Each structure stands twice: as C-alpha cells, then as structure tokens.
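What follows is a predicted structure for the sequence shown.
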Amino acid sequence: MVTSTHGFSGFSVRDTAEAERFYRDVLGLEVQPNEMGILGITLPGGATVMAYPKGDAHSPASFTILNLVVPDIDAAVDELTAAGVVFERYDTMPQDEKGIGRGKAAGMGPDIAWFLDPSGNILSVLEE
C-alpha cells in the first residue's frame, strides 16, 4: 500500500482567467493561481481541486466533476440563476421548472441541479 500525505483531484479548463472568475465570483470559492497557470480551488471543508489549462485541447468532462452540497437547493439555484448560471436539462432525469431533480420526494437520491462552468465541465449543487 502506498503511503501518501494528502490527495487532490484535477480537471482541465479552456481559459484559467475565465475559470478563476467563475469559481471565485460566481461560486464564491477561494481560488489561488500558481506560477504555471494552474488554479488551486479550495472547496468548503478545506479540500483542494486543481484546474489546469488546456486551451483549445480542452474537452469538457461528460460527467459531474464537482458537487457542491448546499443546505437549501432552491436558494442556491435562485442565487446562481441570478448570477447568470443556466441549469442543464436531462431527458433521463425528471426536473422541475428550475432544473432541480427532486430525488428526495421520489425516493431516488438527493435533490440536485446541474450546470456548466465556462469550459463546459458539469457541476452540481445538491441538498444535504
């Protein structure tokens, strides 16, 4: 078994300046760019993920790369919508007019809503 001191995840973005503004100003996360243009994004609870530049070689993730747990999904969706975030619609997941999948009421997991970062990566907010 390997001995490690900590771990982190990472994902690519098209433009780190654009990503920095989104993760900091829209999502309210602490973002620290380093000298190589990689962004350290501190999540609630203290974990860090890295967003690294790939420019035109970037391909958006086809899966959810980041889930943000919120105490009130309706308030979170309303706040993000007011900030210009557009929520995704999926044919395979029943969603309400706000784009929220009401999993709790259906006995199918959490209440969750998906959206894209400026690079097209999929993120979500989900209720505790």
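Received it, and whenever you're ready, just let me know what you need. Residues are numbered from 1 along each chain as shown.

Name all residues that make contact with residue 103.
With contact taken as C-beta atoms under 8 Å, 6 or more residues apart in numbering, residue 103 is in contact with 109, 110, 111, 112. C-beta coordinates here come from the backbone N, C-alpha and C atoms, glycine included.

Report the secondary structure element holding the closest residue to it other than its chain neighbours.
Nearest residue to residue 103, sequence neighbours excluded (C-beta to C-beta, 6 or more residues apart in numbering): residue 109, at 3.9 Å. Per DSSP states H and E: residue 109 is located in neither a helix nor a strand.

Same check on residue 75?
Counting by DSSP H and E, the element that carries residue 75 is helix 73-82.

looking just at contacts, which helices and strands does that helix meet?
strand 111-116, strand 122-127 (3 or more C-beta pairs under 8 Å, 6 or more residues apart in numbering; DSSP states H and E).

Need the phi and psi values for residue 55.
phi 50, psi -130 (degrees, to the nearest 10).

tell me, how many neighbours does it end up with?
Residue 55 has 10 neighbouring residues, counting by other C-beta atoms under 10 Å.
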